[in-house]
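1. turn this into a structure:
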Amino acid sequence: MFTKNKNLFYLIVLLVSGITFAQTFTKITTGDPVNDGGESFGAAWADLNNDGYPDLFVSNGGAASINSNNFLYFNNGDGTFIKITSGDIIIGSQKSIGSTIADINNDGFDDIFVANRDGQNNFTYINNKDLSFSLITSGGIVSDGGNSNGSSFADFNNDGLIDIFVSNFFEKNFLYKNNGGFQFEKVENILPVDVTSTSISASWADFNNDGNSDLIIVNAAGAGIENNFYTNDGNGNFSSVVNSPVTTDKKASMGASWGDYNNDGFLDLFIANQANFTNDLYKNNGDGTFQKITQGDIVNENSYSITGIWGDFNNDGHIDIYVTNWQNNKNFLFMNDGPPSYTFTKITGGELVNDQFSSMGAACSDYDNDGDFDILVANRDGVNNTFYRHEQSSGTWISLKNIGLQSNSSAIGTKVRIKSDINGNPTWQLREVNAQHGYNSQNDSRVHFGLGNSTIIDSMIVEWPSGTQQIFENVEVNRFYKLTEGGELDLVTSVEKSKLDLPDRFSLHQNYPNPFNPNTKIEYSLPEESFVELKIYDVLGREVTKLVSENKSPGVYQTEWDASNYSSGIYFYRLNTREYSSLMKMNLIK
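-> Have a look, this model is predicted:
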């Protein structure tokens, strides 16, 4: 288990303003995720079993004439991963180029869509809630073929169901509307799917803050080609953005990434370009237009860039960007200098920016739940993927998991705005939950904010796709939170909740403590009378013991497991009622 002692850094942060925030990454060299080789093109982080730790899916086989199985790794929560070696989810031997992850059927568990190229059918996998997935075998979403190079989930019509856009190379793109019950309707004769181009990837985001997800499609060709950019009116109608540098610059674009790098409340756009073009950064002017940034290394490095991923890598309150390059070029890390200039400094030290591979997608996640972002890079040409653990971050932080009710369960399209005091300046920050970041990759869906030397969050505003808005004040820092739409802001690691108020929903909480030896407590909530079973399983899925098996009244319950007679390792616990089922993971260390 990787541990980090940040107390000294926090003390310095609280006492000194204007400090330079440190960032250090260590390359991980052990474990399956970095020793499997492969022809990897994309990576996606998602908590697929709802245990509080993000898991990892890697898509393989995108290069010409190469078919390969994909990789799925479940996070053990102790710095290690379990590799899944059987089942539909990894056995495909297709030319998979990337994936996008969201809860298709709003059952509380994330599902996976995989884009395949060269005319092969795409994959849609439904999460069975038991560490396995089932392949959907009927419907256009899995039988239309296509030379698919990218995909992205979004609720483009705000009906509470996740839809999907698929970008195709030299073919018309696909847009599928989710009608519920695993039924997808192919949308035709509208702008995003009426144009045949060299589409590589696409990213949704509400760049104009009107509550609707807009779409950028990036296109690549050797001599350069325009990208496509569409605004969404929320009623199924799209309009082309014209006379904008976003669409008139002609380059070989691979990935588009949205992030508010200057903290003005509007999402800005980074586009990674290959074929020895420079990359592009467009500042959102807040009036539907963009200003092209022309100064600085971030837009003046000629290389073969594939993706850029935004993240506050030093927790100073200003998002930075990591850029991958293929053809054995070094990758880039640009750190945001913050106000007033909001320029970027290129980092040149460390393996993170000095390893030379043919890197494609990249995704960041706080995989070890220590409050800072770690980075997984997908490499092609049979090279092992690379994984960099963040070792130091002197700024404070928060992490928030959003769960939709009226909105889609994955909360895609949800905006979170926070205000805190950083170096004596009241600072607003914005994050939007998206299901695609740059080229064929997806970051941890939890919203992460670096907070610099902030000791409290003055205000938090959560804007849901349904139109619901929630406001919280005086939120503590250095905490993981979970928010269900319309509910209270819950501290994830705490089991100390009032037993007097009846819960409004079923829930199973993370055991506490975790890891543990030999005793741990498990808490669950019942909004109505129900028969309850709470069972413990080993890592092979065998039932170890049954803690609860009886009818219970509405309320919040806590039970304890004494594991004195059990061996160290990963265990799972499942809560089953007539209306609800949830599986979570825990770690016994002796």
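
2. can you pull out the strands in the stretch 451-590 of the chain?
-> Along the stretch 451-590 of the chain, the stretches classed as strands by DSSP state E, counting those that start in this stretch are 456-463, 469-476, 479-484, 489-491, 507-508, 519-526, 530-538, 543-552, 555-562, 569-576, 581-588.

3. quick one: which of those is nearest residue 349?
-> Across these, residue 349 has its closest neighbour in strand 479-484 (30.5 Å, C-beta to C-beta). Placement of C-beta: from N, CA and C, glycine included.

4. now what about the closest one, what contacts it?
-> Residues from elsewhere that reach strand 479-484 (C-beta atoms under 8 Å, 6 or more residues apart in numbering): 52, 369, 398-403, 405, 446, 462, 470, 475, 489-493, 505.

5. only whichever of those residues are buried, select them in ChimeraX.
-> Buried residues among the contacts of strand 479-484 (16 or more other C-beta atoms under 10 Å), as a ChimeraX selection:
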select :52,369,398,399,400,401,402,403,405,446,462,470,475,490,492
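
6. ok but residue 141 is inside a helix, no?
-> Yes. Under DSSP: H, G, I helix; E, B strand; the rest coil, residue 141 sits within a helix.

7. who are the contact partners of it?
-> Contacts were defined as C-beta under 8 Å, 6+ apart; by that measure residue 141 touches 113, 122, 124, 164, 174, 176, 184, 186.

8. separate out the buried members of those.
-> Among the contacts of residue 141, those scoring as buried are 113, 122, 124, 164, 174, 176, 184 (criterion: 16+ other C-beta under 10 Å).

9. before we move on, the earlier item: I'd like the contacts of residue 141 laid out as TSV, including pLDDT, distance to residue 388 and secondary structure.
-> TSV is the format used below for those (pLDDT from 0 to 100; distance: C-beta to C-beta, whole Å; DSSP: H, G, I helix; E, B strand; the rest coil):
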residue	pLDDT	distance to residue 388	secondary structure
113	96	27	strand
122	94	30	coil
124	95	31	strand
164	97	30	strand
174	96	34	strand
176	97	35	strand
184	95	37	strand
186	96	40	strand
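
10. identify, from these, the entry nearest to residue 307.
-> The nearest member of these to residue 307, counting by C-beta to C-beta, is residue 113 at 18.2 Å.

11. how close does that closest one get to residue 141?
-> Applying C-beta to C-beta, to the nearest Å, the value for residue 113 to residue 141 is 8 Å.

12. hey, what's in contact with both of these two?
-> Taking C-beta under 8 Å, 6+ apart as the contact rule, residue 113 and residue 141 both touch 122, 124, 164.

13. hmm, residue 151 and the first one touching each other?
-> Yes. With contact taken as C-beta atoms under 8 Å, residue 122 and residue 151 are classed as touching, separated by 7.4 Å.

14. shared neighbours of those two, anything?
-> Residues touching both residue 122 and residue 151 by C-beta under 8 Å, 6+ apart: 113-115, 166.

15. drop anything exposed from those residues.
-> Listed as buried from these are 113-115, 166; burial here means 16+ other C-beta under 10 Å.

16. tell me which of those is nearest to residue 37?
-> Comparing these against residue 37 with C-beta to C-beta places residue 114 closest, at 19.1 Å.

17. name the nearest residue to the closest one, sequence neighbours excluded.
-> Leaving aside its sequence neighbours, residue 114 sits nearest to residue 123 (C-beta to C-beta, 6 or more residues apart in numbering; 4.0 Å).

18. quick one, what contacts that neighbour?
-> Going by C-beta under 8 Å, 6+ apart, residue 123 touches 92, 94, 96, 112-114, 116, 135, 142.

19. just among those residues, which is most surrounded?
-> The residue in these with the most neighbours, by other C-beta atoms under 10 Å, is residue 96 (29 neighbours).

20. gap between that residue and residue 182?
-> Distance from residue 96 to residue 182, by C-beta to C-beta: 21 Å.
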